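Asker: What follows is a predicted structure for the sequence shown.
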Amino acid sequence: MNTPAQAKNASVFRIDSFAVPAEAREAFMAQVQDTKDFLDKQKGCLQNLVLEHHSGAQRFNVVTVVEWESEAAFANAKTAMMEKRGMSGFDPAQFLSALGIEANMSNYAAVP
């Protein structure tokens, strides 16, 4: 069994930052909530946060942070999300572009 520190070191973090124009906020946040609800149900999702900037200088005003228990859990969730989007016809890049949203999406691991 992993200790909490070992488990954290195995975690994969998906951190996405978005510069969302005020007029796009409602549509964007609805999509973010749909994605959050789906990912919350995936095996290995340890935490799933949606954060909105409220002070200080910042270009990106919405950040999502999802912690996965392992690379395998992350890969499985990514596959499941791609299947969901394939069935619905939702294209994230097109959605962001149409709303004028800039995104920075990356995966991170904890520094030991």
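Answerer: Done, it's in.
Asker: And the helices in this structure?
Answerer: Taking DSSP state H, the helices of the chain run over residues 4-10, 25-40, 71-88, 92-99.
Asker: Just put the ones you listed in a markdown table and tack on distance to residue 60 and mean neighbour count.
Answerer: (C-beta placed from N, C-alpha, C; glycine too.) Conversion of these to a markdown table gives the following (distance: least, C-beta to C-beta, whole Å; neighbours: other C-beta atoms under 10 Å):
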| stretch | distance to residue 60 | mean neighbour count |
| --- | --- | --- |
| helix 4-10 | 25 | 12 |
| helix 25-40 | 12 | 14 |
| helix 71-88 | 21 | 14 |
| helix 92-99 | 13 | 12 |
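Asker: closest to residue 16 out of those helices?
Answerer: helix 25-40 (9.3 Å; C-beta to C-beta).
Asker: ok, and what's touching that closest one?
Answerer: Applying C-beta atoms under 8 Å, 6 or more residues apart in numbering, the contact partners of helix 25-40 are 18, 20, 45, 48, 50, 62, 64, 66, 77, 80-81, 84, 95, 99, 101.
Asker: Okay, now the unreliable bits of this structure?
Answerer: For the chain, the stretches with pLDDT under 70 are 1-8.
Asker: Dead centre of it: give me the residue that sits there.
Answerer: With distances taken as C-alpha atoms, centre = their mean, residue 64 lies nearest the centre of the chain, 4.7 Å away.
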